[in-house]
Every structure is written in structure tokens, then in C-alpha cells.
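# Model the structure of this input:
(one chain, ligands or ions: 3)
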Amino acid sequence: MTPHPPAQRSVPGAARALAHCHELARISSLDDAIERVHLSTEHKIANALAAAWMQEVGLDTWVDEAGNLCGRLEGHKPGLPALVLGSHLDTVTDAGAYDGMLGVMLAIEVVDRIRRSGRRLPFALEVVGFTDEEGTRFGNALMGSRAFAGLWDPAWTELEDRKGVTLRDAAKNFGLDPDAIGDAARRSEDLVGYLETHIEQGPSLLDADRALAVVSSIAGARRLALTVTGRAGHAGGTPYARRRDALVGASEIIVEIERIAKRTDTVATVGRVRAFPGGVNVVPGVARFSLDLRAESDERRDAAFEEIEAFARDVCERRGLAWQADEFYRADAVVCDPALRFAVEQGIRATGDDEPMVLWSRAGHDGMAVQAVTGFAMLFLRCGNDGVSHHPDEIVAESDVEAALDAFEATVLAVADARG
Ligand code: GLV
Ligand code: MN
Ligand code: MN
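Ligands and ions are numbered 1, 2, ... in the order given. As a prediction, the model looks like this:
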């Protein structure tokens with residue numbers, strides 16, 4: 001697929017980071033869209049390509065036990081704890097070219113600038129291209145960063161993708177030992193912190209006419225598989241009074257989910273709906289749908305879900321249906337590390353923006369997992385096109401990428417100054 005112009009040899013910096021994103025965008029399992037999922041052939045190819053770019057700037061590279069691509073540049077002496085810079089290299093289905101990838105490519109450019117400057121830092125720099133931030137293949141997101149942070153659950157090796165392939169088999173096929181994934185865990189004492197630059201994935205910076213923002217916290221998210229069960233029947237012969245139509249019940253619930261989310265300042269999305277048995281002339285007996293629910297605080301998110309469940313149970317009782325909710329993913333809200341956040345603010349100030357804008361992230365990020373092993377902070381940059389993301393029309397301006405690179409480099413130097 002060629003959704004972006006062919007990569008040209010670019011000078012180091014923002015232009016090269018963008019050219020690299022466009023080159024990665026061509027590594028896709030789909031002919032006409034971007035899709036690169038955990039432990040796929042495309043994951044392997046993307047890791048190899050990004051590893052070559054990392055090596056060009058002086059990083060020693062390896063793929064860890066979980067499939068994360070890692071690179072390291074020593075500090076003023078070998079073996080110092082590392083400040084980790086990065087983001088993810090996997091994508092959703094029909095993705096844009098920048099969600100995740102731009103953060104990894106900018107991390108590589110920061111390392112290049114610092115190495116060329118000859119400055120020796122009081123810590124090592126590591127760049128990580130995490131895998132499975134999105135959870136597109138196995139449903140359970142952040143598996144790369146959770147393994148990195150020591151949160152790997154061996155039961156996850158039995159997760160299956162839509163084709164019935166287990167993570168165990170996918171890992172073996174990728175060249176990993178499925179029983180050793182937990183060994184990707186890093187020790188707190190070997191880490192200084194984790195910094196990530198990411199597109200905002202919303203319109204706040206665009207609306208405020210600003211290029212950069214510092215992130216205060218990341219929303220807590222829950223993802224559930226919801227099932228409404230009624231009774232299938234003949235589309236012509238089943239009178240309304242006797243129908244137990246699961247899809248009509250689910251539809252009432254879905255519309256109310258949006259109302260509840262708007263009223264409670266939460267964000268709720270039903271992104272997948274299926275009716276069974278799925279015949280045009282059959283009353284649906286079962287409706288399955290997904291729910292992604294987020295809020296700045298876990299309390300607000302959980303209170304909204306209680307309201308959703310209460311409404312769903314009422315609908316089901318009135319319509320003679322059964323209700324079931326199975327949670328398959330939960331990541332609680334996390335707050336950025338104050339010292340690293342201060343460094344990001346200094347980084348933004350270094351670009352001439354004296355009052356950095358502060359945003360909480362409505363999107364999930366690897367920092368949610370990484371914070372279990374080390375503090376994290378994030379820099380957001382503006383995305384154009386109404387802030388659209390998880391969509392092929394995702395765009396960024398090169399001047400904003402330049403500003404983000406300047407701020408990211410200055411952030412790393414601010415962390416170095418703070419550590420003496
Ligand atoms: C990841 O991009 C998410 O927030 O779903
Ligand atoms: Mn994403
Ligand atoms: Mn992302």
C-alpha cells in the first residue's frame with residue numbers, strides 16, 4: 001500500500017521523523033489501509049526497520065522478551081540508569097501514520113541531536129518502540145509496556161485473536177518464548193523515568209491555536225463485552241407482543257450510553273455491534289456490543305458505568321431480555337510524575353511558549369503501564385484535520401513536529417540538569 005509519498009532521504013530532524021513515519025505506514029497487513037498488530041509479520045518488519053534507524057544514530061538495539069524494540073546510548077559512563085523515550089509502533093485498524101510512530105521517531109531524533117552535540121548525560125538514553133499499545137489483535141491493550149513494567153500476566157498467553165490463534169503460538173511464530181515474556185520486566189533502579197511525545201488525538205490544541213501541551217494525567221479506561229440475550233424467531237410470524245428482540249434492546253441501551261456519558265463528563269464509545277443469528281428475516285436473539293468508557297478519574301468512570309448497568313437492567317427486564325457485562329480490559333487513571341512534568345514544561349518554554357498549555361489525555365498511552373516501574377511524563381503536539389486520530393486522515397504540520405522535537409530535546413536536557 002502507498003498511502004503516503006515515497007520516503008526520501010531526509011536531513012535529520014522533524015523532516016526525517018516524518019519521512020520515517022511515512023515509511024512505516026507502508027508496512028501494513030491491509031492493501032488499502034494501515035494495520036500493524038502485535039506479533040504479526042508487519043510487527044517484525046517494522047521493528048527491523050526502526051532498529052536500523054536507531055543504529056544509525058548510535059543506539060545499540062535489541063528486541064526484548066515481549067517484542068518491544070529497544071535501543072540504548074550510554075551516558076557519561078556505561079551502565080547508568082536510563083531515561084527512556086518512546087511510544088508504540090503498533091496500530092489500530094485503518095490507522096493514521098502518526099499515532100505512536102511519531103513519538104518513537106522523535107525519540108530517535110532527540111538521541112541523534114544529543115549524541116551529535118557531544119554532550120555526555122548523567123544517565124543512559126533508551127528508546128523504546130512498544131508493541132501492543134492499541135490491543136488491536138488480542139483485545140488486551142498495553143501488553144508490551146505492561147511486560148516492560150513487570151505487570152505481565154502469564155494467563156495472557158492463552159488469549160486468542162479473531163482467527164483463533166493464541167498469543168502463545170503468535171509469540172513462537174514471531175521468535176519469542178511465550179513463557180519468558182515476563183522477563184521483559186525492568187527494574188526501577190535501572191530507570192530514571194519515561195518520557196513520551198504523542199499527537200494530541202483531539203482538537204484542544206487546534207482550538208487554542210497552540211502547538212504543544214504538557215499532559216497532567218491519563219484517563220482511566222474500562223472495556224467491556226456486553227451481551228443482550230432474547231429469543232430468535234420468525235421476522236414475519238412473531239407478533240411484537242411476543243418478541244424478545246435483543247438488538248432493539250441493545251439499541252435503546254446504546255443511545256442511553258451516550259446520554260449518560262455526556263451528562264457525567266465521561267467518554268463512552270460503542271465501537272462494535274453484532275446481532276445473531278444475523279439473518280435478514282430473523283428476529284435477533286442475541287446482540288453483542290463493546291463499550292469503551294473513560295474519564296479523568298476512575299470514580300467518575302465507575303459511577304457512569306453503574307448508571308449504564310442500571311439502565312440496561314431496566315430495559316432488559318421490560319423487554320424479557322438477559323444482560324451480561326464482561327470486562328476484558330481496565331487501566332486506571334494515572335497522574336504524571338511532577339518532576340518529569342516540570343521538565344516537559346521547561347522543554348515547552350525553551351520553544352518560546354512561556355505558559356505551557358496543560359491537558360489531560362483522553363487517549364490511553366504506554367505511560368499508564370510504565371508508571372508501575374518508573375515515573376512518566378508526556379508532551380502533546382497538535383494534530384490537524386479537526387484533531388482526528390485512529391483514522392487515515394490524521395495529519396501533523398512539520399513546523400509543529402519541529403517545535404515538538406525542540407521541546408523534547410530541551411526536556412531531556414532539563415532532566416539532566418536536574419540530576420546534576
Ligand atoms: C489508544 O489509543 C486508546 O486510547 O484507545
Ligand atoms: Mn491509538
Ligand atoms: Mn497512541
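# For the rest of this, base every contact and every neighbour count on C-alpha atoms.
Will do.
# nearest spatial neighbour of G420, skipping sequence neighbours?
Leaving aside its chain neighbours, G420 sits nearest to P122 (7.2 Å; criterion: C-alpha to C-alpha, 6 or more residues apart in numbering).
# quick one: contacts for that neighbour?
With contact set as C-alpha atoms under 8 Å, 6 or more residues apart in numbering, P122 has these partners: G75, H76, L80, A416, R419, G420.
# That one is in what secondary structure piece?
Assigned by DSSP states H and E, P122 belongs to no helix or strand.
# again, but for L340
Element membership for L340, per DSSP H and E: helix 338-349.
# What is the very next helix or strand once past that helix packed up against?
Counting by DSSP H and E, the next helix or strand C-terminal to helix 338-349 is strand 357-361. Packing partners of strand 357-361 (3 or more C-alpha pairs under 8 Å, 6 or more residues apart in numbering; DSSP states H and E): strand 212-218.
# Let me know whether the strand it packs on sits next to ligand 3.
No: residues of strand 212-218 are not located near ligand 3 by C-alpha under 5 Å from the ion, the shortest gap being 12.0 Å.
# partners of that strand, with directions?
In the sheet containing strand 212-218, its partner strands are strand 334-335 (antiparallel), strand 357-361 (parallel), strand 376-381 (antiparallel), by DSSP bridges.
# Average pLDDT for the helix or strand following the last one, rounded please.
If I follow you right, that is strand 376-381. Sequence-wise, the next helix or strand downstream of strand 376-381 (DSSP H and E) is helix 398-418. Averaged over helix 398-418, pLDDT sits at 98.
# Name the residues that touch helix 398-418?
Contacts with helix 398-418, where a contact means C-alpha under 8 Å, 6+ apart, come from 13-15, 18, 106-107, 109-110, 113-114, 121-123, 197, 211-212, 340, 343-351, 379-382.
# now swap in stretch 344-351 and tell me
212-214, 354-356, 377-379, 403, 406-412, 414.
# Please repeat the previous calculation with a cut-off of 6 Å.
A407, A410, T411 (C-alpha atoms under 6 Å, 6 or more residues apart in numbering).
# where does it sit relative to the chain's centre, distance-wise?
Its chain's C-alpha centre and that of stretch 344-351 lie 24 Å apart, by C-alpha atoms, centre = their mean, to the nearest Å.
# ditto for stretch 120-130
21 Å.
# Buried residues, it. List them.
Residues of stretch 120-130 classed as buried by neighbour count (16 or more other C-alpha atoms under 10 Å): L121, P122, F123, A124, L125, E126, V127, V128, G129, F130.
# May I have that stretch as CSV, with CA atoms only?
The C-alpha coordinates for stretch 120-130 follow below in CSV (Å, rounded to 0.1, in the frame of the first residue of the first chain):
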residue,chain,number,x,y,z
ARG,A,120,27.5,13.3,28.0
LEU,A,121,24.5,12.8,30.1
PRO,A,122,24.3,11.7,33.7
PHE,A,123,22.1,8.8,32.6
ALA,A,124,21.8,6.4,29.6
LEU,A,125,19.2,7.2,27.0
GLU,A,126,17.0,4.4,25.8
VAL,A,127,14.4,4.5,23.1
VAL,A,128,11.5,2.0,23.1
GLY,A,129,9.0,1.2,20.4
PHE,A,130,6.4,-0.5,22.4
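# Quick one: check it for contact with ligand 3.
No: Stretch 120-130 lies out of reach of ligand 3 by C-alpha under 5 Å from the ion, never closer than 10.1 Å.
# ok, that stretch near ligand 1 or not?
No: Stretch 120-130 stays clear of ligand 1 (C-alpha under 6 Å from any ligand atom), getting no nearer than 12.6 Å.
# Now do the same contact list for F130.
If you count contacts by C-alpha under 6 Å, 6+ apart, F130 has them with N68, S87, H88, G144.
# one step back: may I see the buried residues of the helix holding L340?
L340, R341, F342, A343, V344, E345, Q346, G347, I348, R349.
# Looking at the residues you listed, which is nearest F289?
Nearest to F289 among these, counting by C-alpha to C-alpha, is R341 at 37.6 Å.
# pLDDT score assigned to the closest one?
For R341, pLDDT reads 98.
# Spatially, and excluding backbone neighbours, which residue is closest to it.
A377 (5.2 Å).
# Could you report the separation of the residue lying farthest from the centre of the chain from V282?
For the chain, the residue at maximal distance from the C-alpha centroid (C-alpha atoms, centre = their mean) is G237, at 47.4 Å. Distance, G237 to V282, using C-alpha to C-alpha, to the nearest Å: 10 Å.
# next one: phi and psi at A268?
Main-chain torsions, A268, degrees, to the nearest 10: phi -120, psi 140.
# Alongside ligand 3, which residues does the stretch 51-200 of the chain contribute?
When proximity is defined by C-alpha under 5 Å from the ion, the stretch 51-200 of the chain lies next to ligand 3 at D99, G100.
# Check the stretch 51-200 of the chain for the residue nearest ligand 1 and tell me.
Nearest to ligand 1, among the residues of the stretch 51-200 of the chain, is E134, at 5.1 Å (C-alpha to the nearest ligand atom).
# helix, strand or coil for the nearest residue to that residue once chain neighbours are set aside?
Excluding its sequence neighbours, the residue lying closest to E134 (C-alpha to C-alpha, 6+ apart) is A141, at 5.2 Å. Under DSSP: H, G, I helix; E, B strand; the rest coil, A141 falls in the coil class.
# For A141, which residues are in contact?
Contact analysis of A141 by C-alpha under 6 Å, 6+ apart lists D132, E133, E134, G135.
# Near the last one, how many other residues are there?
To tie it back to what came earlier, the one meant is G135. Applying other C-alpha atoms under 10 Å, we find 19 residues neighbouring G135.
# and if you look at the third one?
Using other C-alpha under 10 Å, E134 has 26 other residues around it.
# H38 versus that one, what's the distance?
According to C-alpha to C-alpha, E134 stands 9 Å off from H38.
# How about stretch 140-149, which residues are buried there?
Within stretch 140-149, the residues that qualify as buried by neighbour count (16+ other C-alpha under 10 Å) are N140, A141, L142, M143, G144, S145, R146, A147, F148, A149.
# and these as JSON lines, adding pLDDT and distance to ligand 1?
Converted to JSON lines, those look like this (pLDDT from 0 to 100; distance: C-alpha to the nearest ligand atom, whole Å):
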{"residue": "N140", "pLDDT": "92", "distance to ligand 1": "11"}
{"residue": "A141", "pLDDT": "94", "distance to ligand 1": "8"}
{"residue": "L142", "pLDDT": "97", "distance to ligand 1": "9"}
{"residue": "M143", "pLDDT": "98", "distance to ligand 1": "12"}
{"residue": "G144", "pLDDT": "98", "distance to ligand 1": "13"}
{"residue": "S145", "pLDDT": "98", "distance to ligand 1": "13"}
{"residue": "R146", "pLDDT": "98", "distance to ligand 1": "14"}
{"residue": "A147", "pLDDT": "98", "distance to ligand 1": "17"}
{"residue": "F148", "pLDDT": "99", "distance to ligand 1": "18"}
{"residue": "A149", "pLDDT": "98", "distance to ligand 1": "18"}
